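Novice: after the sequence you'll find the predicted model.
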Amino acid sequence: MTFSKPLIALSIATALAGCAQTPSQPEHTFTLTVAHINDTHSNFDPVKSSFKADETLVYNEFGGFPRLQTMADEYKQAAQTENDSFLFLHGGDAWQGSAYFKLNEGAMNAELLSQMGLDAMALGNHEFDLNNTKLNQFISDINFPVVAANVDTSKDADLKNQTNLKPYVVFAFDGNKKTPVTDLNNLPKDKDLVAVFGIALDDMPNLAPNTGKVEFHDMVQSAQSTVDMLEAKGIQNIIALTHIGNAVDLDIASKVNGIDLIVGGHSHTLLGDFTNLGHDHNGTYAQMVNNPDGQSRTCVVQAGQYAQAIGQLKVIFDEQGDVTDCNGLNTLLSNEEYYHSPTREAASKFNAKDTAQVVDFIDQEENITIADEEMAMRSLIDSKYKPAVDKAYGSVISQVTEEINHERRPGDRGTDIHGSDVAALVAQGQYYWANSAEVQKVTGMKVDFALIGAGGIRTNMEAGEYREGNVSLELLPFSNFMSVLPVKGADIKALIEGAVTATLPKGSHAGKFPYGGHIRYQYTETVAKQKGKLDFVEVMTGSTENPKWTALEDNKTYNVAINNYNATGNDGWTPLFKAQQKNSGRVDLAFVDDKLTGFKVNNIEEIGGKYKVHYEVSGPNCKAESTRCNTDAQAVIDYVANEQPSLAPLNYQVVTFNRAK
């Protein structure tokens, strides 16, 4: 049974306040309802989670595609019943993130997303995780357009003829009736026109190295020129569908005139106040931002991550296309089966009375609802895709007695000043593996510590049996290979300070936030959400059981275990790129014909915004059947299987992140 709540009612009197009207010629207003999701990351199944119902901690599940389908259908039906104009938008990053994607790549996303009735999707960075041939196939297979006004695909062999990747789409509304407009020189009369244009990250080649020959242009300039063109054609109601992060959305809104609504993604920001559920206040939903002309304003929204929630809002436009009201909220989609324990064993299941109390609590709250799974989609997943995924998980390597949480930035979503326990375990595992006899024989180097960016880690470590596939298919799904990199202490400090500082603004993309193993640091924010300083960095010179900490020395060279993506300097880890511009002693590690093989790096060069690694001979060919590149995951699998039969957080803290009050 689905318990839905009505969208916050809008007062027409309030909405029209200040609008000049005459009895003979009342000003025309246009109301548009928008539902939106983003960063679904192939989370077709629900995500295990928890929330507080009054003072009771409830272990539940949120979301999954069948629940999104249920709510989207309900929103559409309500709009149809009320004859309301309606759009359903996706803020990008449908790809990556689960075992389903590892096995089915873009095909499963194409099939399921095409059933949802989406009107458009932004182009996310993870849509470039495979190659442009497969991205092109995905865009061809879906029944809705992907939009990005600041990309040029004309030089890319795979995408240059792709007609479903568009700079914008335009719709003509007559109440609930919606018609695509293809000829901007012959716009339909007496219809409400809405344009949806896309913005992709302009530094995409640095974040997603598999972009081929696609060119990415300045976000602000492209947005303004697109808006100017649309307005010149006579279209006043304009939506930007973006995948650039909430902080950048707000910045774009302050620099570009004429965008009425930004529907965003990338920073995984569940905007709204969720403290009633024991979660965080994540920023204002439907925040209004003044445009540089001082006259118009832009409404900004985003709906979290991993298909756990859906946003819905109503936007009222005046006759000039300016927003007079923008109101709505994100809603978390829960199941109706609750447990007292994160292991979710039968003995901890809520009885009927306690379940009824939780259901009653949910029914009183606006930002959480109980949603049934849409049965046809659930059946499709279970029959067509799930058997192969279940088989791929492999052997049990450990037991997790209590869920170990991953959060990219310390202090977010209820975490403490130390942040992710998962990231520290992953880095510890990669340190352990890089110092094994097998690896040292290949690299010739003893590793001093390990580093990892928070965005490379995709899941918590859930309570219960922990299998090989939990690591290789879910936790570390990108199939990166491990590198051992000699680098100066000063470069490590510059990396940590720069990466942390870049994540300070609220709503910023925190995938670059650094964690480590056998290393620790403290960072103190000096100006809230703007800047801070690195207090210290220390290397563990004792053992994990008896740690001894020694200050990192600027001029000393340390051997660092790190995945190749971060080792190359991607996602803002630029000091590592600069350290290897002239020469590099780095060794990359992959299995060739089941034998661990080292690939020596000569240097790194920046070409067209991308970092190109030059090897002394050649690099690993990860597309070859004889080559297995996911040594980042194998390192953690070996560590957990050999050293962590009962998986638990480390006994030391890697990060201390002091926020300004």
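Specialist: Thanks, I have it.

Novice: which ones are touching I397?
Specialist: I397 sits next to 466-468, 471, 637, 640-641 when contact means Cβ atoms under 8 Å, 6 or more residues apart in numbering. Heads up, the C-betas are built off the backbone N, CA and C, glycines and all.

Novice: one more time with 10 Å, if that's ok
Specialist: By Cβ atoms under 10 Å, 6 or more residues apart in numbering, I397 lies in contact with 465-471, 636-642, 644-645, 647.

Novice: of these, which belong to strands?
Specialist: Judged by DSSP state E, the subset of the contacts of I397 located in strands is 465-467, 647.

Novice: show me which pair in those residues is furthest apart.
Specialist: For these, the farthest-apart pair by Cβ to Cβ is R467 and L647; their separation is 11.5 Å.

Novice: quick check: neighbours shared by these two?
Specialist: Shared contacts of R467 and L647, defined by Cβ under 10 Å, 6+ apart, comprise 397-398.

Novice: of the contacts of I397, buried ones?
Specialist: By neighbour count, with 16 or more other Cβ atoms under 10 Å, the contacts of I397 hold 466-471, 636-641, 644, 647 as buried.

Novice: for T242, the count of nearby residues, please.
Specialist: Each residue near T242 was counted by other Cβ atoms under 10 Å, and the total is 33.

Novice: longest helix in this protein, by number of residues?
Specialist: Longest helix of the chain, by residue count under DSSP state H: helix 65-82.

Novice: partner strands of the helix or strand just after it, parallel or antiparallel?
Specialist: With elements assigned by DSSP states H and E, the helix or strand that comes after helix 65-82 is strand 85-90. Paired neighbours of strand 85-90 in the sheet (DSSP bridges): strand 30-37 (parallel), strand 120-122 (parallel).

Novice: would you reformat those strands as JSON lines and include distance to L184?
Specialist: Formatted as JSON lines, the strands paired with strand 85-90 follow (distance: least, Cβ to Cβ, whole Å):
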{"stretch": "strand 30-37", "distance to L184": "19"}
{"stretch": "strand 120-122", "distance to L184": "16"}
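
Novice: any idea which of those is most buried?
Specialist: When those are scored by mean count of other Cβ atoms under 10 Å, the highest mean neighbour count falls to strand 120-122 (a mean of 26).

Novice: restricting to C-alpha, output the helix or strand just after that one in CSV.
Specialist: Using DSSP H and E, the helix or strand that follows strand 120-122 in sequence is helix 132-141. The C-alpha trace of helix 132-141 is given here as CSV (Å, rounded to 0.1, in the frame of the first residue of the first chain):
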residue,chain,number,x,y,z
ASN,A,132,31.5,6.1,-26.0
THR,A,133,30.3,3.1,-28.1
LYS,A,134,28.4,1.8,-25.2
LEU,A,135,27.2,5.3,-24.2
ASN,A,136,26.0,5.8,-27.7
GLN,A,137,24.0,2.5,-27.6
PHE,A,138,22.4,3.5,-24.3
ILE,A,139,21.3,6.9,-25.6
SER,A,140,19.9,5.1,-28.7
ASP,A,141,18.0,2.5,-26.6
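
Novice: and helix 132-141, how far from the chain's centre?
Specialist: Its chain's C-alpha centre and that of helix 132-141 lie 20 Å apart, by Cα atoms, centre = their mean, to the nearest Å.

Novice: in it, what's buried?
Specialist: Neighbour count says helix 132-141 has 132, 134-139 buried, by 16+ other Cβ under 10 Å.

Novice: do the same with stretch 334-345
Specialist: Here stretch 334-345 shows 334-336, 338-340, 342-344 as buried, counting by 16+ other Cβ under 10 Å.

Novice: and if you look at stretch 36-54?
Specialist: Within stretch 36-54, the residues that count as buried by 16+ other Cβ under 10 Å are 36-51, 53.

Novice: and for stretch 517-529?
Specialist: Residues of stretch 517-529 classed as buried: 517-523, 525 (neighbour count, 16+ other Cβ under 10 Å).

Novice: which one of these is nearest Q80?
Specialist: E525 (48.3 Å).

Novice: ok, that closest one - contacts?
Specialist: Neighbouring residues of E525 by Cβ under 10 Å, 6+ apart: 411, 500-501, 504, 531-533, 657-661.

Novice: make sure it is indeed in a strand.
Specialist: Yes - counting by DSSP: H, G, I helix; E, B strand; the rest coil, E525 is located in a strand.

Novice: reformat the buried residues of stretch 334-345 as CSV; add pLDDT, distance to G619 and secondary structure.
Specialist: Supplementary listing: these in CSV, determined by pLDDT from 0 to 100; distance: Cβ to Cβ, whole Å; DSSP: H, G, I helix; E, B strand; the rest coil:
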residue, pLDDT, distance to G619, secondary structure
S334, 98, 46, strand
N335, 98, 45, coil
E336, 96, 51, coil
Y338, 98, 50, coil
Y339, 96, 47, strand
H340, 95, 50, coil
P342, 87, 41, coil
T343, 84, 43, coil
R344, 89, 44, coil
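
Novice: adding distance to D260, write those residues out as TSV.
Specialist: Shown next, in TSV, are the buried residues of stretch 334-345 (distance: Cβ to Cβ, whole Å):
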residue	distance to D260
S334	32
N335	36
E336	38
Y338	40
Y339	44
H340	46
P342	43
T343	47
R344	44
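
Novice: what's the closest of those residues to V315?
Specialist: Closest approach between the buried residues of stretch 334-345 and V315, by Cβ to Cβ: S334, at 27.0 Å.

Novice: quick one: contacts for that closest one?
Specialist: Applying Cβ under 10 Å, 6+ apart, the residues contacting S334 are 3, 46, 49, 51, 58, 60-63, 67, 277, 308, 358-359, 362, 368-371.

Novice: and for D322?
Specialist: Contact analysis of D322 by Cβ under 10 Å, 6+ apart lists 19, 236-237, 258, 260, 291, 295-297, 316.

Novice: lowest-confidence member of those, which is it?
Specialist: Comparing pLDDT over those, the lowest score belongs to C19 (41).

Novice: can you give me the helices in the stretch 351-500 of the chain?
Specialist: 352-364, 375-380, 386-392, 421-434, 437-443, 468-469, 489-502 (DSSP state H, counting those that start in this stretch).

Novice: winner for burial among these?
Specialist: Of these, the one with the most neighbours on average (mean count of other Cβ under 10 Å) is helix 421-434, at a mean of 26.

Novice: please save the CA atoms from that helix in PDB.
Specialist: Presented in PDB, the C-alpha positions along helix 421-434 are these (Å, rounded to 0.1, in the frame of the first residue of the first chain):
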ATOM      1  CA  ASP A 421      34.900   3.900   8.600                       C
ATOM      2  CA  VAL A 422      34.600   2.100   5.300                       C
ATOM      3  CA  ALA A 423      37.100   4.300   3.500                       C
ATOM      4  CA  ALA A 424      39.700   3.700   6.200                       C
ATOM      5  CA  LEU A 425      39.200  -0.100   5.900                       C
ATOM      6  CA  VAL A 426      39.600   0.000   2.200                       C
ATOM      7  CA  ALA A 427      42.800   2.000   2.300                       C
ATOM      8  CA  GLN A 428      44.100  -0.300   5.100                       C
ATOM      9  CA  GLY A 429      43.400  -3.300   2.900                       C
ATOM     10  CA  GLN A 430      45.200  -1.700  -0.100                       C
ATOM     11  CA  TYR A 431      48.200  -0.900   2.200                       C
ATOM     12  CA  TYR A 432      48.200  -4.500   3.400                       C
ATOM     13  CA  TRP A 433      48.100  -5.900  -0.100                       C
ATOM     14  CA  ALA A 434      50.700  -3.600  -1.500                       C
END
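
Novice: of the buried residues of helix 132-141, closest to N125?
Specialist: Out of these, the member with the shortest distance to N125 (by Cβ to Cβ) is L135, at 11.6 Å.

Novice: which residues touch the nearest residue to the closest one once chain neighbours are set aside?
Specialist: Leaving aside its sequence neighbours, L135 sits nearest to E127 (Cβ to Cβ, 6 or more residues apart in numbering; 5.7 Å). Counting by Cβ under 10 Å, 6+ apart, E127 makes contact with 92-96, 106, 109, 121, 134-135, 138-139, 146, 148, 200, 204, 208, 210-211, 243.
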